[in-house]
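**Q** Quick one, structure for this:
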Amino acid sequence: MSSSRALAWARLLRLSNAPTIPVDLLAGYAAARALGAEGPLEPLAFASALATCLGIYLGALVLNDRLDLAHDAATRPGRPLPSGAVSPRAATWAYAALCALALAGAGLSPTHLLIPFALLALVATAYDVVLKRSPLFGPVALGVCRALDLGIGMALAGMPEHGPAALALLLCYAGYVVSLSGLARMEDGEPRLGAIRLAMIAAGLCFAGGPLTLGLAPASFAAFPIAVWIGTRGFVGSQSWPRERVGRTVGRLLGLLALFGACVAFAAGAFAIALTALVLFATARVLARCVPPS
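**A** Numbers count the residues shown, from 1 in each chain. From the prediction side, this is the model:
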């Protein structure tokens, strides 16, 4: 495979976002342990859950672009499918292979994860087929998918004793994703400064709130500087927000997904997981230089 074709596949799969999936699972596990769950992190259970979540996530990306081929040909002709860098037939086979990966991973996973896996696949597919057209339900579906990834990580440790705190963490993560997804929709429309500022403030609040759900220890405040940076982006620099600037901002916020997981793990006292998340965050940022995250 030539380097240009490999790059096209990497762009189709948004490869720079892939490291955020293991971070979600690891951060969820760390949070559940901090909230009273006692299950050990079994290597096979983690690997199979990761295979399932990656298969669903990457498969949903391919399906999304496959279904949007006609629209992208008119609005984003440089993308891998409309440009011809990846053929629709190859994309269809890739989607089938990723579905097979998800099914194989689910088959090797603990049975109590099967319902969350099914919900994740259902919501991801519903988003691709119909929900993405809704300015409300589209972002909410993406937030639910990410919260389910984090929840699956929690389930690897067992049931947390502090259910309300676990739910609050999931809602904060979903809220962050909903906020940046709402911002991303302005790439296709006319960006409005008020809506941009609201989305950035909401994203910052959710980013800060996630680690705080684990308690008020000093480590829980590590996310605050990042949250302030996010929340103030709409008030810094030029008041003009062309679509290109919106796209760059969305890319940066997507890159911070792994950093959210690192902050959660740090607040949970899982320093090895926090360090792993930081390494994966750095990996994602390096990949983003040649493979845009959105």
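
**Q** got the contact list for Gly247?
**A** Counting by C-beta atoms under 8 Å, 6 or more residues apart in numbering, Gly247 touches 184, 187, 294. Every residue, glycine included, has its C-beta placed from N, CA and C.

**Q** Compile those into TSV and extend it with columns for pLDDT, secondary structure and distance to Arg146.
**A** Listed next are these as TSV, based on pLDDT from 0 to 100; DSSP: H, G, I helix; E, B strand; the rest coil; distance: C-beta to C-beta, whole Å:
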residue	pLDDT	secondary structure	distance to Arg146
Ala184	86	helix	14
Glu187	76	helix	19
Ser294	70	coil	14
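
**Q** low-scoring stretches of the stretch 1-150 of the chain, by residue?
**A** The stretch 1-150 of the chain contains residues with pLDDT under 70 at 1.

**Q** isn't Ala155 right up against Pro116?
**A** Yes - counting by C-beta atoms under 8 Å, Pro116 is a contact partner of Ala155 at 6.3 Å.

**Q** Settle it for me: which of these two has more neighbours?
**A** Set Ala155 next to Pro116 and count neighbours by other C-beta atoms under 10 Å: Ala155 wins out with 25 against 19.

**Q** Go through this structure and flag its longest helix.
**A** helix 43-67 (DSSP state H).

**Q** List the buried residues of that helix.
**A** By 16 or more other C-beta atoms under 10 Å, the buried positions in helix 43-67 come out as 45-46, 48-66.

**Q** which residues touch Pro191?
**A** 241-243, 245-246.

**Q** swap the cut-off to 10 Å and go again
**A** Pro191 makes contact with 183, 185, 240-243, 245-246, 249 under the criterion C-beta atoms under 10 Å, 6 or more residues apart in numbering.

**Q** Out of the residues you listed, which is nearest to Ala97?
**A** Comparing these against Ala97 with C-beta to C-beta places Arg185 closest, at 29.9 Å.

**Q** Excluding covalently adjacent residues, which one is nearest to the closest one?
**A** Nearest non-adjacent residue to Arg185, counting by C-beta to C-beta, 6 or more residues apart in numbering: Pro135, 6.3 Å away.

**Q** Same question for His162.
**A** Spatial nearest neighbour of His162, chain neighbours left out: Leu35 (4.4 Å); criterion: C-beta to C-beta, 6+ apart.

**Q** The one you found contacts Ala166, correct?
**A** Yes - taking C-beta atoms under 10 Å as the definition, Leu35 is a contact partner of Ala166 at 5.5 Å.

**Q** sorry, back to before: do you know how far the residue nearest to His162 is from Ala258?
**A** Using C-beta to C-beta, to the nearest Å, Leu35 is found at 21 Å from Ala258.

**Q** what about the helices in the stretch 1-150 of the chain?
**A** Ranges of helices in the stretch 1-150 of the chain, per DSSP state H, counting those that start in this stretch, are 3-12, 20-34, 43-67, 69-75, 80-83, 88-108, 114-129, 137-155.

**Q** now the stretch 151-294 of the chain
**A** Using DSSP H, counting those that start in this stretch, helices in the stretch 151-294 of the chain cover 163-184, 193-212, 224-232, 243-255, 257-267, 271-288.

**Q** what helices or strands is the longest one leaning on?
**A** Of the remaining helices and strands, those touching helix 163-184 by 3 or more C-beta pairs under 10 Å, 6 or more residues apart in numbering; DSSP states H and E are helix 20-34, helix 137-155, helix 193-212, helix 224-232, helix 243-255, helix 257-267.

**Q** Take stretch 2-18, keep the C-alpha atoms, and write them as PDB.
**A** Coordinates of the C-alpha atoms in stretch 2-18 are reproduced here as PDB (Å, rounded to 0.1, in the frame of the first residue of the first chain):
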ATOM      1  CA  SER A   2       1.400   3.400  -1.000                       C
ATOM      2  CA  SER A   3       1.900   6.100   1.600                       C
ATOM      3  CA  SER A   4      -0.800   8.300   0.000                       C
ATOM      4  CA  ARG A   5      -3.300   5.500   0.200                       C
ATOM      5  CA  ALA A   6      -2.400   4.600   3.800                       C
ATOM      6  CA  LEU A   7      -2.900   8.300   4.700                       C
ATOM      7  CA  ALA A   8      -6.300   8.300   3.000                       C
ATOM      8  CA  TRP A   9      -7.300   5.300   5.100                       C
ATOM      9  CA  ALA A  10      -6.000   7.000   8.200                       C
ATOM     10  CA  ARG A  11      -8.100  10.000   7.400                       C
ATOM     11  CA  LEU A  12     -11.200   7.900   6.800                       C
ATOM     12  CA  LEU A  13     -10.700   6.200  10.200                       C
ATOM     13  CA  ARG A  14      -9.800   9.500  11.900                       C
ATOM     14  CA  LEU A  15      -6.800   7.600  13.300                       C
ATOM     15  CA  SER A  16      -5.700  10.500  15.500                       C
ATOM     16  CA  ASN A  17      -8.900   9.900  17.600                       C
ATOM     17  CA  ALA A  18      -8.400   6.200  18.000                       C
END
